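**Q** I'd like to go over a predicted model; first the sequence, then the structure.
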Number of protein chains: 2
Amino acid sequence: MPEQPVRAKLVDVAHAAGVSKATVSKVLNGRQDISVRPETRRRVHEAAEALGYRPHSGARALAGASTHALALLIPALANPTYVTIARGAYQRARELGYLSLLAEDFDGQEADESFHDLVQEGRVDGLLIASARPGHPLLDALSRSAIPHVFLNRSVEGSGRNITMDVARSSVTALDHLHGLGHRVVGHIAGPPGITPSEVRKEAFLRHAGTLGLDAAPVASGDFTEDGGGSAARALLRPADGDGRPPVTALYTSSLAQAIGAMAAIRDLGLRIPEDVSVVGNDDLPVAAHLHPPLTTVAMPLHELGTAAVDALVATIDGKPAGDVVVPTEPRLMLRGSTARPARPGETP
Amino acid sequence: MPEQPVRAKLVDVAHAAGVSKATVSKVLNGRQDISVRPETRRRVHEAAEALGYRPHSGARALAGASTHALALLIPALANPTYVTIARGAYQRARELGYLSLLAEDFDGQEADESFHDLVQEGRVDGLLIASARPGHPLLDALSRSAIPHVFLNRSVEGSGRNITMDVARSSVTALDHLHGLGHRVVGHIAGPPGITPSEVRKEAFLRHAGTLGLDAAPVASGDFTEDGGGSAARALLRPADGDGRPPVTALYTSSLAQAIGAMAAIRDLGLRIPEDVSVVGNDDLPVAAHLHPPLTTVAMPLHELGTAAVDALVATIDGKPAGDVVVPTEPRLMLRGSTARPARPGETP
DNA sequence: GCGACCGAGGAAACCGGTTGACTGAAGCTT
DNA sequence: AAGCTTCAGTCAACCGGTTTCCTCGGTCGC
């Protein structure tokens, strides 16, 4: 019989090691408030190992200890950016001995439910919230409660528990690249209004456009989806004067999906990429390299954002004071075929 | 004070309703083994509502009842196909009063861990497994245990608990389309060997190619990623004779990402889509419509697969016998720009 | 030599539900 | 009128850990 079919319980381990439940519990949890002989300690660990002991999470949670589980609320599972963040968080949580639950928060509709289900029911010790938005029903409830939580990617002003990336620098990186190629009119496709990283990116874009002395820097907003990017691109490409030439020579988008949608829109208008319009997307994901043309992107430390957020949340759970964190890694430009020098008026070959 | 900060417990509800804990528990769980006056029942419900009572999941699990949570193991979070399935499952689980936890199973490396963490620790009532593979460590453990579980998408032969789609028909649908356009040499990019839906798709492809009397139907395997599709495409497009013309006029891929990689490979070889090579992908996801050219796909009932799997798992948890299920919806062809009539030898305009 | 102290570990009371056995009152039989 | 059901609900023993307060034997200080 290769495996015992029944769960080993704490009392089984205690019996096997010849000690009491209390001792086993303290030894296995590494508590300092008791002195145990090394010999006894060893016996306990061996017995637990031999029996394949796993504490019952419910019993543990019930007895007042932690559940060793976290919940991660992300706005859209379909968005690979969030999924990448989630993977980072998941992995780090495991390393720290936590289980992390992934929950999709359909724009707050279920957030209140999730909140109850997860925390009130004692299923998790803390919340990682990537779906914050002004007016989100969860925010109120959280600010009144003592539940450990951090906001990642989308920050909440004044919360003092925001884990973010240096998104302003991503705009600078993208703009520097386009400016260096000779572009003087660059459009930006931002995310929906009110979403912090998107706002920051937009403001940094406008500020840096001013610093560089661009001729114009129009902005349009849209969802983080292909369709959102497509609509915004069409708005930015609508010829202002009568010459039929698009008013911008390059587009910088807030998400990869928007870039894909924008590229489709550009072609629908009969324009070429990058000859007529250059495109730079945000967040480097595998698909970018396989698009036609391959998309130049600004790679952000998504994975690190996830791990940093878990670190911060666990620290909070352990009673350390919260604080805003900016993930240190810098944005990197992934140079591919979707950007080139602009064809200036009169320079048509 | 808009909200009471402390959790209401069962005794609180009992006290408020003027009954005992036992009565509250039975009423709220809708148990039949007790008779309660409608009036009392109403009082209990009202008290629970007024206090915002939420049962503590740990206590509940400990007391032998169900945790009302399921775990969904998927092979890769980065693959939108699985994510779509997961969303279906998640949603249906909620409707049935279950919480569904999403866990990424990195090819079995963590599966044994996940298994312990989730089931042994009493966190979930059952497992939805989309990451089955021959030799997967979890399969052994599961077949020996009594833990409710179902396999979805990737089936396990003889398990009697497979929830699948009619993937054979997706191959037929794709081939019929290409054959109807006049293609006589069609290549298939399959998934990694041993993965059931991929094997079924491949066999159906070969069988139907025979039925239609195609001149040739070569197959190459690759991961479900862009790179996997790219490599496989290069293998299938290598000119066999010396005329430089690719041996196939159309490709049918096992995943959308493979199709994207294949399209990039086709262009790298200096060929045009669809003029030189037509491409049909599997699974219709939003990005398909925004590719260049827009990708013709076979849409599969991914969402329904998720919901059906949850239904089956919950039925198993409720003690009903398991059984294989094939989700009824038929594959639908999403006709876009990546397929066209082949340019036959000598017919070059 | 005697109490104080310390190291090593144990007993038992919780945590918040669930559940089967049980009870008191009312209704039905004969 | 006594006995038997049925109704409506209660009691208390769990579930499997954690934690607080003890105990017990030996050392140490004086």
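**A** Okay, I see it.

**Q** and after the worst-scoring helix or strand of chain A on mean pLDDT, which helix or strand comes next?
**A** Of the helices and strands making up chain A, the lowest-confidence element is helix A:111-115, at a mean of 62, by mean pLDDT, DSSP states H and E. Later in the chain than helix A:111-115, the nearest helix or strand by DSSP states H and E is strand A:126-129.

**Q** for that following strand, name the packing helices and strands.
**A** Other helices and strands packing on strand A:126-129, by 3 or more Cβ pairs under 8 Å, 6 or more residues apart in numbering or on different chains; DSSP states H and E, are strand A:69-74, helix A:137-144, strand A:149-152, helix A:302-317. (Each C-beta comes from the backbone N, C-alpha and C, glycine too.)

**Q** check which helix or strand covers A:Gly228.
**A** helix A:226-237.

**Q** now what about that helix, what contacts it?
**A** With contact meaning Cβ atoms under 8 Å, 6 or more residues apart in numbering or on different chains, helix A:226-237 is reached by A:187, A:189-192, A:218, A:220-222, A:246-248, A:251, A:253, A:255, A:257-262, A:264-266, A:269, A:271, A:277, B:286-287, B:289-290.

**Q** outline the domain layout of chain A.
**A** A:10-55, A:69-165+A:302-330, A:167-300 (automatic domain parsing).

**Q** what's the first-to-last distance across the shortest one?
**A** Here the two ends of domain A:10-55 are set 7 Å apart, with distance taken as Cα to Cα, to the nearest Å.

**Q** next one: the longest one
**A** The distance separating the two terminal residues of domain A:167-300, taken as Cα to Cα, comes to 8 Å.

**Q** give the rounded mean pLDDT of it.
**A** Domain A:167-300 carries an average pLDDT of 94.

**Q** quick one, helices of chain A?
**A** When assigned using DSSP state H, the helices of chain A occupy the ranges A:10-17, A:21-28, A:38-51, A:57-62, A:80-95, A:111-115, A:137-144, A:167-181, A:196-212, A:226-237, A:256-268, A:302-317.

**Q** how far is the fifth one from where the chain is centred?
**A** Between the mean C-alpha location of helix A:80-95 and the chain-wide mean there is a distance of 8 Å, by Cα atoms, centre = their mean, to the nearest Å.

**Q** contacting residues around A:Ala299?
**A** A:Asp283, A:Asp284, A:Pro331, A:Arg332, A:Leu333, A:Met334.

**Q** residue ranges with poor pLDDT in the stretch 1-150 of chain A?
**A** A:1-5, A:107-117 (pLDDT under 70).

**Q** 80 instead, please
**A** When residues are selected by pLDDT under 80, those of the stretch 1-150 of chain A lie in A:1-6, A:65, A:105-120, A:135, A:137-138, A:141, A:144-146.

**Q** for DNA strand D, what are the nearby residues on it?
**A** With Cβ under 7 Å from any atom of the strand as the criterion, the stretch 1-150 of chain A comes near DNA strand D at residues A:7, A:9-11, A:21-22, A:25-26, A:28-29, A:31, A:33-34, A:53-56, A:59-60, A:62-65.

**Q** restrict the residues you listed to contacts with chain B.
**A** A:Arg7, A:Arg54, A:Pro55, A:His56, A:Ala59, A:Arg60, A:Leu62 (Cβ under 8 Å from any Cβ of the partner chain).

**Q** buried subset of these?
**A** Among those, those scoring as buried are A:Arg54, A:Pro55, A:His56, A:Ala59, A:Arg60, A:Leu62 (criterion: 16 or more other Cβ atoms under 10 Å in any protein chain shown).

**Q** closest one to B:Thr196 out of these, please.
**A** A:Arg54 (30.6 Å; Cβ to Cβ).

**Q** ok, for the closest one, nearest residue in space, not its chain neighbours?
**A** Spatially, and ignoring its direct neighbours in sequence, A:Arg54 is nearest to B:Gln120 (4.3 Å; Cβ to Cβ, 6 or more residues apart in numbering or on different chains).

**Q** what sits against the residue nearest the centre of chain A?
**A** With distances taken as Cα atoms, centre = their mean, chain A has A:Ile85 as the residue nearest its mean C-alpha position (3.8 Å). By Cβ under 8 Å, 6+ apart, A:Ile85 lies in contact with A:Ile74, A:Ala130, A:Leu152, A:Asn153, A:Leu302, A:His303, A:Leu305, A:Gly306, A:Ala309.

**Q** ok, the fourth one - contacts?
**A** For A:Asn153, the contacting residues are A:Tyr82, A:Ile85, A:Ala130, A:Ile163, A:Thr164, A:Met165, A:Pro197, A:Leu305, taking Cβ under 8 Å, 6+ apart as the criterion.

**Q** which residues are contacting stretch A:303-317?
**A** With contact meaning Cβ under 8 Å, 6+ apart, stretch A:303-317 is reached by A:66, A:70, A:84-93, A:96, A:98, A:100, A:125-128, A:148-150, A:152-153, A:161, A:163-165, A:322-323, A:325, A:327, A:329.

**Q** buried ones only from these, please, as a ChimeraX command.
**A** In ChimeraX, this line selects whichever of the contacts of stretch A:303-317 come out buried by 16+ other Cβ under 10 Å:
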select /A:66,70,84,85,86,87,88,89,90,91,92,93,96,98,100,125,126,127,128,148,149,150,152,153,161,163,164,165,322,325,327,329
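
**Q** burial of the nearest residue to A:Arg41 once chain neighbours are set aside, as a residue count?
**A** Once flanking residues are discounted, A:Arg41 sits nearest to A:Val27: 5.4 Å by Cβ to Cβ, 6+ apart. Using other Cβ atoms under 10 Å in any protein chain shown, A:Val27 is surrounded by 21 other residues.
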